[in-house]
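let's see this in three dimensions:
(one chain, ligands or ions: 1)
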Amino acid sequence: MAREAERLTEHFLAERQRGAVPALGATEFAVRTAMQRVGSVLLEQMLNSDHGGHRGQRVACGDGHQAEFIDYRLKQLQTILGMVRLERAYYHCAQCPAERRGSIPKDHDLDVVGTSLSPGLRRLMARVGAQEAFAAAHQDLAELAKPETGNGRLANGAGQRIDRFRISGFPFPGFHFFSARPEELTHS
Ligand SMILES: [Zn+2]
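Numbers count the residues shown, from 1 in each chain. Down below sits the predicted model:
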């Protein structure tokens, strides 16, 4: 965090020293990008400080059986701070019907069962959806980067919602913008 701030400040001051006027627009994006990168690292560390939600070799499956710990599984989660990697303990119940044998308690705890979108991002997208009509008038403000949707893990319709999110002009930094540079930004 301190290193990021130092790097940005040094760059800003160096530009000024050699007589250049640092462009505010570029500086804003650089600061936001750096802060989001720091935030996503912090969030990832916090979320993975629980040993993947491991609760012993066996846990109750919810149907009166015992599910067995198999291994740890990774999930890429899109959050409002960018992509984070989640480590989760995977359990398997041999007695449940096939479609319910696997379970990941941590996904339940974090409310990310069957989705790669974080609760915060989902909330933001829902809010953007509600404000869509209003936001349509502000599309020229939509200096938002193109979200990364190419991982094939987004639920049906999520890509479309993300696209609306992108063009809606919502002034929030959004998600996955930690890699955004001004030249990559789109004017919708
Ligand atoms: Zn079971």
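
in the protein, which spans are helices?
2-17, 24-47, 105-110, 119-130, 132-136, 158-167 (DSSP state H).

closest to Glu68 out of these?
Proximity to Glu68 (CB to CB) singles out helix 105-110 among these, at 12.8 Å. For the C-beta atoms, the positions are set from N, CA and C on the backbone; glycine is no exception.

for the closest one, packing partners?
On a contact count with 3 or more CB pairs under 8 Å, 6 or more residues apart in numbering; DSSP states H and E, helix 105-110 meets strand 82-92.

state the distance from Glu6 to the ion.
Distance, Glu6 to the ion, by CB to the ion, to the nearest Å: 53 Å.

tally of neighbours for that residue?
Neighbours of Glu6 under the rule other CB atoms under 10 Å: 10.

need the contact list for it.
With contact set as CB atoms under 8 Å, 6 or more residues apart in numbering, Glu6 has no partners.

again with Gly120
Shown in contact with Gly120 (CB under 8 Å, 6+ apart): 79-80.

what does the pLDDT read for it?
Per-residue pLDDT puts Gly120 at 95.

so which of the helices of the chain gets nearest Lys75?
When the helices of the chain are compared by CB to CB, helix 105-110 sits nearest Lys75, at 7.6 Å.

picking up where we left off before, and the helices of the chain as CSV, adding distance to Leu74?
Output for the helices of the chain, formatted as CSV (distance: least, CB to CB, whole Å):
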stretch, distance to Leu74
helix 2-17, 26
helix 24-47, 11
helix 105-110, 12
helix 119-130, 18
helix 132-136, 34
helix 158-167, 19
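
which of those has the lowest mean pLDDT?
helix 158-167 (a mean of 50).

and the angle from the longest strand along the chain to helix 24-47?
Across the chain, the longest stretch assigned as strand under DSSP state E is strand 66-79. What separates the directions of strand 66-79 and helix 24-47 is an angle of 170 degrees, with axes from the mean of the first three to the mean of the last three CA atoms, to 10 degrees.

how many neighbours does Asn10 have?
I think there's a mix-up here, since residue 10 is Glu and not Asn. Neighbours of Glu10 (other CB under 10 Å): 10.

what is the longest strand of the chain packed up against?
So strand 66-79, by 3+ CB pairs under 8 Å, 6+ apart, packs with strand 58-60, strand 82-92, helix 119-130.

right, so those: which one is the most enclosed?
strand 82-92 (a mean of 20; mean count of other CB atoms under 10 Å).

now check that strand, is it near the ion?
No. On the criterion CB under 5 Å from the ion, strand 82-92 is out of touch with the ion, staying 9.2 Å away.
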